[in-house]
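**Student:** show me the folded form of this:
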Amino acid sequence: MKQRTHSGAKKRLRLKKSGKVKRKQCGMRHLNGHMSSKRKRQLGEGVYVDDANMYQTSRTLVF
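**Tutor:** The predicted structure is shown next:
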């Protein structure tokens, strides 16, 4: 049976040329009024998936 890419993962994660996986950070959907501008700006930036979670990520993206 063929392996398939997880539909939710392919919408949320991007595989880079270096082999790292980029993702968005959580915490920016609502209740942002009490946050500082600095905090909101930092949360808006993408980050790379941690090495500890790369095995699970590679299983969902099938690479």
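**Student:** mind listing the helices for this structure?
**Tutor:** If you assign secondary structure with DSSP state H, the helices in the chain sit at 7-12, 37-44, 54-61.
**Student:** which residues are contacting the shortest one?
**Tutor:** Think helix 7-12. Outside helix 7-12, the residues within contact range by Cβ atoms under 8 Å, 6 or more residues apart in numbering are 23-24, 57, 60-61. From N, CA and C alone the C-beta is placed, and that goes for glycine too.
**Student:** what does stretch 27-44 give?
**Tutor:** Contacting residues not belonging to stretch 27-44 are listed as Gln25 [Cβ under 8 Å, 6+ apart].
**Student:** quick one: end-to-end length of that stretch, please.
**Tutor:** The straight-line separation of the ends of stretch 27-44 (Cα to Cα, to the nearest Å) is 9 Å.
**Student:** show me which residues of that stretch are buried.
**Tutor:** Residues of stretch 27-44 classed as buried: none (neighbour count, 16 or more other Cβ atoms under 10 Å).
**Student:** now it, how far from the chain's geometric center?
**Tutor:** Computed by Cα atoms, centre = their mean, to the nearest Å, the separation of stretch 27-44 from the middle of its chain amounts to 17 Å.
**Student:** again with stretch 44-55
**Tutor:** With Cα atoms, centre = their mean as the basis, the mean position of stretch 44-55 lies at 6 Å from the chain mean.
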